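> structure for this input, please:
(2 chains)
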2 protein chains.
Amino acid sequence: MSARILENTHIVLVATTHPGNIGAAARAMKTMGMHSLRLVRPKIFPGAEVTARAAGADDVLARTRVVDSLPAAVADCGLVLASSARTRGLAWPEMTPAQGVTHIMAAALAGTQVAVVFGNERSGLSNEELESCQGAIRIPTADGYSSLNLAAAVQVICYELRKQACAGTVDAVEPEAPAATGAQLELLYRHLEQCLVDIGFYDPAKPMLLMRRLKRLFNRAQLDANEYNILRGILAAAQQTARDAGRITGSNEGRGESS
Amino acid sequence: MSARILENTHIVLVATTHPGNIGAAARAMKTMGMHSLRLVRPKIFPGAEVTARAAGADDVLARTRVVDSLPAAVADCGLVLASSARTRGLAWPEMTPAQGVTHIMAAALAGTQVAVVFGNERSGLSNEELESCQGAIRIPTADGYSSLNLAAAVQVICYELRKQACAGTVDAVEPEAPAATGAQLELLYRHLEQCLVDIGFYDPAKPMLLMRRLKRLFNRAQLDANEYNILRGILAAAQQTARDAGRITGSNEGRGESS
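I've put the predicted structure just below:
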């Protein structure tokens, strides 16, 4: 059982500056029985310092995937949680590591692929990157000194994950439908934005916080595949209405590829 | 309360080989609100690599005591626990980090000085050193790869300590807006249903599970008042589009009272 949780959970490091931290993160993962590491635009990888600090976790490094963007890293994931020291501006659902791991366990046990995302050492995750996430885990730190090392943060999350995964107390709830994937959510948000333009609610020239707020709302809800299909259907119907009203001329504008 | 626990608990590193690990341990401690580090025969201390990896935990380094033997390091301590990957030979009472921290909390709250002792990176603690301890904390690791980095082990123990010391005192996140009320949700769902009829997506004569699914989705998201207003605005815009398309004739149909 615990193996499934650990197999279905991926650690994603975004724009990591220090190669030593990548190696140390791989080592931290392997000590806790985790093996799937994904890197978004690492400054240096692979490299001698990566390997030195990995201290024998070479199999994790050998399997590591390197991609260009966070959406690409989490495209197959139905639950994406940020590890973040602060969530700046927008009030994200913020969880302790134990709470976050409870969510992860429930999802991973149901077969959903899960990602935990860690930002750059200095700047963390950008607001745009946070928008690819459905919630944030904050490791509680001392007042006035929240400077957790990146690999140390990975260690704490993986420790908490193994701790709960091996406690053997979570019962799997069979989901009604699989979780919507990151790729589906991307399509949904593009479709939603175009639809809001079509019905005259939204002007991309004055973007404000609207799309960010809506993404946050739907991310928080953790849509399943049925709900995804319903929402796509509603958007298509609203666009057809706009077409009938003579507001748009093309067909399927902004619909993106079908799912 | 938590301050007392953290003040009365000392981290002891024995015969540490890599100066970077001492710095990283100091950083790990400080992020968790701990400040008392004691070193037994460190190979290198102080040093540039210690300071670099401490990343601002200079106050911890400045207060660090260096001694010649483990008994000297723990002379004032009433509870001494080893952090150990294996306990070789001697049948020690072996605890998980959470169990160990429960003992530490009870002792520290009673005013007892507590030490958690970490051995050399390669060889751990000798049997003689283990005899200065009253029990051992073992961080559970994956079968076949127990190679926890020294500072990562310090991080996990200090994390668990802070977690229990601060239990129940986590600060609440100030919400951006109050939660949407039950009355608002009722209005929203009525408005949503009418809007779906207006855009031709939904036929109340064949209700199926659609509205139930959508309510469940939005209930799960726990809307706040801002999000409620945004969604109501989108629905009104979609209805206006339907009106322009000649699909409905009245004004504000199904809109319910304004909020």
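> which parts of chain A are helices?
A:2-7, A:19-31, A:48-54, A:58-63, A:70-73, A:97-109, A:127-130, A:150-165, A:182-198, A:210-221, A:225-244 (DSSP state H).
> okay, those, which one's buried deepest?
For these, the largest average neighbour count (mean count of other C-beta atoms under 10 Å in any protein chain shown) is found in helix A:19-31, namely a mean of 27. C-betas here are computed from N, CA, C, even on glycine.
> elements contacting it?
Here helix A:19-31 touches strand A:9-14, strand A:37-40, helix A:48-54, helix A:58-63, helix A:150-165, helix B:150-165, going by 3 or more C-beta pairs under 8 Å, 6 or more residues apart in numbering or on different chains; DSSP states H and E.
> hmm, 6 Å instead?
Secondary-structure packing of helix A:19-31 (3 or more C-beta pairs under 6 Å, 6 or more residues apart in numbering or on different chains; DSSP states H and E): helix A:48-54, helix A:58-63, helix A:150-165.
> with mean pLDDT added, can I get the ones you listed in a markdown table?
Output for these, formatted as a markdown table (pLDDT from 0 to 100):
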| stretch | mean pLDDT |
| --- | --- |
| helix A:48-54 | 97 |
| helix A:58-63 | 96 |
| helix A:150-165 | 95 |
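> turn those helices into JSON lines, including distance to B:T17.
JSON lines is the format used below for the helices and strands packed on helix A:19-31 (distance: least, C-beta to C-beta, whole Å):
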{"stretch": "helix A:48-54", "distance to B:T17": "14"}
{"stretch": "helix A:58-63", "distance to B:T17": "22"}
{"stretch": "helix A:150-165", "distance to B:T17": "19"}
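> how about those helices, which one is nearest A:E94?
Nearest of the helices and strands packed on helix A:19-31 to A:E94, taken as C-beta to C-beta: helix A:150-165 at 14.2 Å.
> quick one: the closest one to helix B:97-109, angle?
Helix A:150-165 and helix B:97-109 are oriented at 110 degrees to each other (axes from the mean of the first three to the mean of the last three C-alpha atoms, to 10 degrees).
> that older thread, now the weakest link among the helices of chain A, please, by mean pLDDT.
Note on the helices of chain A: lowest mean pLDDT is at helix A:2-7, with a mean of 79.
> who touches that one?
Contact with helix A:2-7 is made by A:33-34, A:105, A:108, A:165-166, as judged by C-beta atoms under 6 Å, 6 or more residues apart in numbering or on different chains.
> which residues of chain A lie near chain B?
Proximity of chain A to chain B (C-beta under 6 Å from any C-beta of the partner chain) is limited to residues A:28, A:30-31, A:33, A:55-56, A:91, A:94, A:141-142, A:145, A:147-148, A:152, A:155-156, A:159, A:199-201, A:217, A:220-221, A:227, A:234, A:237-238, A:241-242, A:244-245.
> which residues sit in contact with the residue nearest the centre of chain A?
Nearest residue to the geometric centre of chain A (C-alpha atoms, centre = their mean): A:V80, 2.7 Å. Counting by C-beta under 6 Å, 6+ apart, A:V80 touches A:74, A:115, A:133-134.
> sort out for me which of those residues are in strands.
Using DSSP state E, the subset of these located in strands is A:A115.
> test my guess that A:A180 contacts A:N226.
No: A:A180 is beyond contact range of A:N226, at 9.1 Å (criterion: C-beta atoms under 6 Å).
> tell me how chain A divides into domains.
Per the record, chain A has its domains at A:2-165, A:182-244, by automatic domain parsing.
> of all those, which lies closest to B:G23?
Each of these has some distance to B:G23 by C-beta to C-beta; the shortest is domain A:2-165, at 10.0 Å.
> for that closest one, the distance to its chain's centre please.
With C-alpha atoms, centre = their mean, to the nearest Å as the basis, domain A:2-165 stands 10 Å off its chain's centre.
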